[in-house]
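Colleague: Sharing a model that was predicted from the sequence below.
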Amino acid sequence: MRRIKKEKDNTERWMLSYLDFITLLMIFFLMMYAISNVDNKKAEALAHSLKIGFNSGNGENVVAVPDSSNTPAIVDEETLKALTEAEKLADIKKKVDELVESSELKGSVTTSIQERGLLISFNDSVLFNSGDATIKSDWHNKLVSISKVLNGIDNYIRVEGHTDNVAINTEHFHSNWQLSSDRASNVVEFLISQGNIKPERLSAVGYGEYRPVKENNTDEGRSANRRVDILILNNKFNESETPKK
């Protein structure tokens, strides 16, 4: 006669379920504590990150899991602002590039994004006759078109005048300082009167020959150095530009 082996009665299985329950309860209270300490700014950053993730359409994980470079998926407020500003300046650069490409400005105007912001650089011969600070009437419409693009944002704008190192001493200008400053000021006044840009957003500065982009020992270098730059300042410099009341 075969003997039937009696299975051992495991009366401690309930402990596993109990421990699972306690673990889940602890996680729940930790989440409630974390939620109670989230400020509005961090919540906005989280919402923005989730929005990007859900709208990406490429299967990216929206949970804040570090990637191989240890960069979190959810960015902090300052990083989020920097990303947004970079996107804005890149969009303005694209619009200005398209405008330049489809006009006579091609080859005489360049754009670049720097730490300071978006730089739109005009060769001086585009806007001025040699040794003169009066904007050529032929280019008024081009500047107005660029002004319309710049009115799409609220960044501060600095117009910077530059010359080569060839000394000037005429009836109207006694130095390169004076020429570069007058050119920058005239562009600012044009952007206000014809481009309808708010005066409080604008400033003018003349650097003379002392901020060259190339050596002044060739005609090509001197030509590159004679320029007027329109700088759309990155908004991280707003504090230094905003007037104190």
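Modeller: Yes, it's here.
Colleague: contacts and neighbour counts: CA atoms only from here.
Modeller: Will do.
Colleague: so what's the spatially closest residue to Y156 that is not a sequence neighbour up against?
Modeller: Spatially, and ignoring its direct neighbours in sequence, Y156 is nearest to R201 (4.6 Å; CA to CA, 6 or more residues apart in numbering). For R201, the contacting residues are 154-157, by CA atoms under 8 Å, 6 or more residues apart in numbering.
Colleague: Residues contacting the helix or strand hosting E98, please?
Modeller: Following DSSP states H and E, one finds E98 within helix 77-101. For helix 77-101, contacts defined as CA under 8 Å, 6+ apart pick out 41-42, 45, 106, 109-113, 117-118, 145-146, 149-150, 234-235.
Colleague: so how far is R227 from the residue nearest to Y156?
Modeller: With distances taken as CA to CA, to the nearest Å, R201 is found 21 Å from R227.
Colleague: what does T163 give?
Modeller: 7 Å.
Colleague: same question, V100
Modeller: Here the distance between V100 and R227 works out to 16 Å (CA to CA).
Colleague: Looking at those two, which one has more neighbours?
Modeller: Neighbour totals were compared for V100 and R227, and R227 leads with 28 against 20 (other CA atoms under 10 Å).
Colleague: which ones are touching that one?
Modeller: Counting by CA under 8 Å, 6+ apart, R227 touches 121-124, 161-163.
Colleague: returning to what we had before: let me have the contacts of R201 in JSON lines, adding neighbour count and distance to K93 as columns.
Modeller: Below are the contacts of R201 laid out as JSON lines (neighbours: other CA atoms under 10 Å; distance: CA to CA, whole Å):
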{"residue": "D154", "neighbour count": "13", "distance to K93": "15"}
{"residue": "N155", "neighbour count": "22", "distance to K93": "14"}
{"residue": "Y156", "neighbour count": "22", "distance to K93": "15"}
{"residue": "I157", "neighbour count": "24", "distance to K93": "14"}
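Colleague: And these, which is closest to F128?
Modeller: For the contacts of R201, the closest approach to F128 (CA to CA) belongs to I157, at 20.4 Å.
Colleague: just for this protein, where's the confidence low?
Modeller: Applying pLDDT under 70 to the chain picks out residues 1-13, 34-76, 244-245.
Colleague: roughly how far is whatever helix or strand L143 lives in from the heart of the chain?
Modeller: Using DSSP H and E, L143 sits within helix 140-150. Computed by CA atoms, centre = their mean, to the nearest Å, the chain-centroid distance of helix 140-150 equals 20 Å.
Colleague: Pull out the buried residues from that helix.
Modeller: Buried positions in helix 140-150, judged by neighbour count with 16 or more other CA atoms under 10 Å: 143-144, 146-147, 150.
Colleague: Stretch 122-138 too?
Modeller: Going by neighbour count (16+ other CA under 10 Å), the buried part of stretch 122-138 is 122-128, 131-133, 135.
Colleague: In helices only, show me these.
Modeller: Counting by DSSP state H, the part of these found in helices is 124-127.
Colleague: Of these, just say which sits nearest to G206.
Modeller: Distances from G206 to these, taken by CA to CA, are shortest for D124, at 13.3 Å.
Colleague: now the closest one, nearest residue through space, not along the chain?
Modeller: Distances taken as CA to CA, 6+ apart place R227 nearest to D124, at 4.4 Å, with adjacent residues excluded.
Colleague: D138 versus the one you found, what's the distance?
Modeller: Counting by CA to CA, the gap from R227 to D138 is 17 Å.
Colleague: Same check on K88?
Modeller: Distance from K88 to D138, by CA to CA: 30 Å.
Colleague: what do you get for K94?
Modeller: Taken as CA to CA, the span from K94 to D138 is 24 Å.
Colleague: now do V109
Modeller: With CA to CA as the criterion, V109 and D138 are 15 Å apart.
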